[in-house]
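# Could you look at this predicted model? Sequence included:
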Amino acid sequence: MKSDTHPKYEAVVFNDLASGTKFLTRSTVSSNKTIEWEDGNTYPVIDVEISSESHPFYTGKQRIMDSAGRVERFNARFKGFGAKK
């Protein structure tokens with residue numbers, strides 16, 4: 001295998017800015033910012049705006065749109081539109 005062809009795969013801390021949650025995982029991204037983790041080691045930290053901790057799909061706080069009411073309003077609004085006279 002050729003050397004220097006693959007990106008460096010290392011431990012990184014992701015910081016969810018929306019919920020304040022931090023989690024340690026491995027990734028090929030890196031950063032100049034570092035953080036001292038619970039195990040005493042220092043890791044690069046990547047700030048993300050949304051993750052599985054704050055995304056509505058994963059948290060169960062998903063907003064369900066009232067599509068039935070919208071369809072009924074549309075049909076009522078355009079009830080006679082295009083009808084022959």
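Here it is on my side, so go on.

# Show me which helix or strand of this structure is least confident by mean pLDDT.
helix 56-59 (a mean of 59; mean pLDDT, DSSP states H and E).

# average pLDDT for the helix or strand following that helix?
Helices and strands here follow DSSP states H and E; after helix 56-59, the next one along the chain is helix 67-77. Helix 67-77 shows a mean pLDDT of 77.

# Off-centre distance for helix 67-77?
Distance of helix 67-77 from the chain centroid (Cα atoms, centre = their mean, to the nearest Å) equals 32 Å.

# pull the CA atoms of that helix into PDB?
Presented in PDB, the C-alpha positions along helix 67-77 are these (Å, rounded to 0.1, in the frame of the first residue of the first chain):
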ATOM      1  CA  SER A  67     -51.400  18.200   5.200                       C
ATOM      2  CA  ALA A  68     -55.100  17.100   5.300                       C
ATOM      3  CA  GLY A  69     -56.200  20.500   6.400                       C
ATOM      4  CA  ARG A  70     -54.100  22.200   3.700                       C
ATOM      5  CA  VAL A  71     -55.600  20.000   1.000                       C
ATOM      6  CA  GLU A  72     -59.100  20.700   2.100                       C
ATOM      7  CA  ARG A  73     -58.400  24.500   2.100                       C
ATOM      8  CA  PHE A  74     -57.000  24.200  -1.400                       C
ATOM      9  CA  ASN A  75     -60.000  22.300  -2.700                       C
ATOM     10  CA  ALA A  76     -62.400  24.700  -1.100                       C
ATOM     11  CA  ARG A  77     -60.600  27.700  -2.600                       C
END
